[in-house]
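Peer 1: For reference, the sequence and a predicted model appear below.
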Amino acid sequence: MNEILATARQDGIAELFLKVRKANQSAVAFYSRYGFCVAGEERFRVGARDYKALVMRLALPAPAEGIPKDSTTVDPGVSTNVVAEILRSRQAQLETQVSNAGT
């Protein structure tokens, strides 16, 4: 998690969003320790069953000057640059959903 957050900050990502099953309080507590706050709630379906998910958000400060960007890995073979791009893409999707919900 620390590596993902550091990369997101270095790449200038302003905020991160994630979804976690509401019943998974250990995961909610884990993300809360990193500063994520509940931003909303939504339902998701797995097979024939509906579940509640919490949408959690973390605002990130601007990157510190002089921190070099690198391509260290989060998991073997997955560049942090790839993770950052996935995060940017998901942020754009969420912004579109919020925008469409308001119209």
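Peer 2: Nice, I can see it. This structure is a prediction, so every number in the text was calculated from the model and none was measured.

Peer 1: what pairs with the host helix or strand of Lys19, and is each one parallel or antiparallel?
Peer 2: Using DSSP states H and E, Lys19 sits within strand 15-21. If you go by DSSP bridges, strand 15-21 pairs up with strand 49-59 (antiparallel).

Peer 1: Now the partner strand: average pLDDT?
Peer 2: Averaging pLDDT along strand 49-59 yields 93.

Peer 1: just to revisit the earlier point, quick one: mean pLDDT over the helix or strand that comes right after the strand holding Lys19.
Peer 2: Once strand 15-21 ends, the next helix or strand along the chain (criterion: DSSP H and E) is helix 25-33. In this model, helix 25-33 carries a mean pLDDT of 95.

Peer 1: other SSEs contacting helix 25-33?
Peer 2: When contacts are defined as 3 or more C-beta pairs under 8 Å, 6 or more residues apart in numbering; DSSP states H and E, helix 25-33 packs onto strand 15-21, strand 49-59. Where you see a C-beta, it was placed from the backbone N, CA and C, and this is true even at glycine.
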